[in-house]
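J.: this one's sequence-less:
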């Protein structure tokens, strides 16, 4: 059973548009939610992260909106550029951080000029 | 350069052989991880390790074992590989503690024939 779910599987946007990626989770003990960006042939790289005490986090053109009651969050990529074309993973961890991160299956984003 | 380094990039082997992958981090972190990324891009934690404890994901077959010489190195050995072991193996590192960012290496792609 997938503990972290992402939608859509893939997303195509035009340059300049806002891409919206969704994530939901099952485990109420999760309290830290990083988003990772992965390009083909590379390892994932942390993009932005939020803790469950916050409902919004912004960093550059990336914003996370978090709804603890509904157990979901979304990543908004504002003014998307072709260089943002990548796979984006939502991940989660609880207070037993040593157990590592639980990842979703990712959303593949394609930005066309 | 400070980063997480993995060797080899690729490895092709036959069923039943033993393989070993190397991981080194120069970030000064005290905790290292191994993740498996399957053909559907799902990332799953296999091991978390620092000098105090090794945490093993209970779903990891016993033919997998981590090997550490110091806190900057965590290798992965697979005794007698199986076809389902074909995947990308990603090493990561972080500081030990809450909400610590995990930095990933580029991965080692294993193909088992």
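T.: Alright, I've got the coordinates. All values reported here derive from a predicted model rather than from experimental measurement. Residues are numbered from 1 along each chain as shown, chains lettered A, B, ... in the order given.
J.: Get me the contact residues on chain B for chain A.
T.: Within chain B, the residues that sit near chain A (CB under 8 Å from any CB of the partner chain) are B:4, B:31, B:33, B:35, B:40-45, B:48, B:50, B:53, B:55, B:57, B:90, B:92, B:96-107. The C-beta positions use only the backbone N, C-alpha and C, and glycine is treated the same way.
J.: Just the buried subset of these, written out for PyMOL, thanks.
T.: Here is the PyMOL command that selects the buried residues among the residues of chain B next to chain A (16 or more other CB atoms under 10 Å in any protein chain shown):
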select buried, chain B and resi 4+31+33+35+41+42+43+44+45+48+50+55+57+90+92+96+100+102+103+104+105+106+107
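J.: Pull out the buried residues from stretch A:11-26.
T.: A:11, A:13, A:19, A:21, A:22, A:23, A:24, A:25.
J.: distance between it and the chain's centre?
T.: Put simply, stretch A:11-26 sits 9 Å off its chain's centre (CA atoms, centre = their mean, to the nearest Å).
J.: Show residues contacting it.
T.: A:1, A:3-8, A:33, A:35, A:70-82, A:84, A:88, A:90, A:92, A:104, A:107-113 (CB atoms under 8 Å, 6 or more residues apart in numbering or on different chains).
J.: ok, now with 7 Å
T.: The contact list for stretch A:11-26 (CB atoms under 7 Å, 6 or more residues apart in numbering or on different chains) reads A:3-7, A:71-82, A:88, A:90, A:92, A:104, A:107, A:109-113.
J.: try stretch A:27-41
T.: Contacts for stretch A:27-41 (CB under 7 Å, 6+ apart): A:3, A:44-52, A:64, A:66, A:73, A:75, A:86-95, B:99.
J.: Is it possible to mark the buried ones in those?
T.: A:44, A:47-50, A:52, A:64, A:66, A:73, A:75, A:86-93.
J.: for residue A:4, what are its contacts?
T.: A:23, A:25, A:90, A:91, A:92, A:102, A:103, A:104.
J.: how about the residues of chain A near chain B?
T.: Contacts of chain A with chain B, taken as CB under 7 Å from any CB of the partner chain, map to A:32, A:42-46, A:51, A:87, A:89, A:97-101, A:103, A:105-106.
J.: ok, now with 8 Å
T.: Residues of chain A lying close to chain B (CB under 8 Å from any CB) are A:32, A:34, A:36, A:41-46, A:49, A:51, A:87, A:89, A:91, A:95, A:97-103, A:105-106.
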